[in-house]
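Q: I need the structure of the sequence given here:
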Amino acid sequence: MVKLNNSTSATPVIQIQDLRFSYPDGQPALQGITFSAMPGEKIALVGPNGAGKSTLILHLNGILSGEGLLEICGRQLDHKNLSQVRARVGLVFQSPDDQLFSPTVFEDVAYGPIYQGLSPAEVQSRVEAALAAVHMEPYIHRNSHHLSIGEKKRIAIATVLSMEPEILVLDEPSAGLDPRARRQLIELLQELPQTMIIATHDLALVRDILPRTLLLDQGRVVADGPTGVILSNSALVAEHGLA
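A: All right, here's what the predicted structure looks like:
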């Protein structure tokens, strides 16, 4: 593996060591993934289709569970800690329709805080803060299903921000967006302070907002380092299907 990032003495918010996972048919999807993420880091997961990107991000809040060490904010991801870990990791799916299912934007964004048992006043405060963070305050009483895909993606992000996560994990956030909506999304992601893991084929987005890149192929991390260095390595990029 090509490893180019510098070590640091800070405490990681994500710590993964030798993570392995195979599907029920025996096909290996993750083969010894090891990496850590520091508070506030913005990291791209790139690689060809089938590299293991989506499988990896589904491990970060326990939707999938493999073998190996996986710690989130110092807590090992296991059955005992699952609810605590999921409160710290906001997962945004590629299709916003997988996350928006309520009659109104308010109800979609309020779902998580209500599930946490917060008071009505705190739920209202969380919803307003999350919509403000994605610049969608006027949409609070709109029907989520009548919005554009770009607007839906912002609301989907708000649904996880209302849980006040420390980590945001996004799967192909720019997929399906027109140029204007894509630029608005990039600007929004640049504003958010959380540690961020983004699985994407959009290398322009990677260059714009993600200083560190992990290149996955066949379930392994084959390069880890500064985005500019990795994406300028034409031989590495071509070998692993990013050209």
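
Q: hey, let's count contacts and neighbours off CA atoms from now on
A: Noted.

Q: Assumed Glu164 was part of a strand.
A: No. With the criterion set as DSSP: H, G, I helix; E, B strand; the rest coil, the secondary structure at Glu164 is coil rather than a strand.

Q: low-scoring stretches of this structure, by residue?
A: 1-9, 243 (pLDDT under 70).

Q: for it, what spans make up the strands?
A: For the chain, strands defined by DSSP state E occupy the ranges 2-3, 14-22, 28-37, 42-46, 67-72, 75-76, 89-92, 167-171, 195-199, 212-217, 220-226.

Q: Report the beta-bridge partners for the residue most central in space within the chain.
A: The centroid of the chain falls nearest to Val169 when counting by Cα atoms, centre = their mean (1.2 Å). Taking DSSP bridges as the rule, Val169 bridges to Leu91, Ile197.

Q: close enough to count as contact, it and Ile197?
A: Yes. With contact taken as Cα atoms under 8 Å, Val169 and Ile197 are classed as touching, separated by 4.8 Å.

Q: Could you give the number of residues near the residue nearest to Thr104 when sequence neighbours are not counted?
A: Setting aside the residues directly before and after it, Thr104 is nearest to Asn143 in space (Cα to Cα, 6 or more residues apart in numbering), at 4.4 Å. By the criterion of other Cα atoms under 10 Å, Asn143 has 17 neighbours.

Q: Distance of Asn143 relative to Glu107?
A: As defined by Cα to Cα, to the nearest Å, Asn143 lies at a distance of 10 Å from Glu107.

Q: ok, now Gly219?
A: 38 Å.

Q: More neighbours: which of the two?
A: When Gly219 and Glu107 are compared on other Cα under 10 Å, the one with more neighbours turns out to be Gly219, at 23 against 19.

Q: Count the residues that sit near the residue lying closest to that one once chain neighbours are set aside.
A: The shortest distance from Gly219 to any residue that is not its chain neighbour, by Cα to Cα, 6+ apart, is 4.0 Å, and that residue is Leu30. Other residues within reach of Leu30 by the criterion other Cα under 10 Å amount to 25.

Q: that older thread, distance of the residue nearest to Thr104 from Ala130?
A: Relative to Ala130, Asn143 is positioned 17 Å away (Cα to Cα).

Q: One more: Arg183?
A: The separation that Arg183 has from Ala130, given Cα to Cα, amounts to 20 Å.

Q: ok, the two, which is more surrounded?
A: Per other Cα under 10 Å, whichever of Arg183 and Ala130 has more neighbours is Ala130, with 25 against 14.

Q: so what's the more buried one up against?
A: Residues near Ala130 by Cα atoms under 8 Å, 6 or more residues apart in numbering: 109, 158-159, 161-162.

Q: Same list (those residues) but as CSV, adding neighbour count and distance to Arg86.
A: Written out in CSV, the entries for the contacts of Ala130 read as follows (neighbours: other Cα atoms under 10 Å; distance: Cα to Cα, whole Å):
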residue, neighbour count, distance to Arg86
Val109, 30, 16
Ala158, 29, 16
Thr159, 29, 13
Leu161, 27, 12
Ser162, 25, 13
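
Q: Among these, which lie within helices?
A: Among the contacts of Ala130, the members falling in helices (DSSP state H) are 109, 158-159, 161.

Q: from the residues you listed, which is closest to His135?
A: Proximity of these to His135, judged by Cα to Cα, is greatest for Ala158, which lies at 9.6 Å.

Q: gap between the residue lying closest to the closest one once chain neighbours are set aside and Ser148?
A: Counting by Cα to Cα, 6+ apart, Ala130 is the residue found nearest to Ala158 once chain neighbours are left out, at 5.0 Å. Taking Cα to Cα as the criterion, Ala130 is separated from Ser148 by 19 Å.
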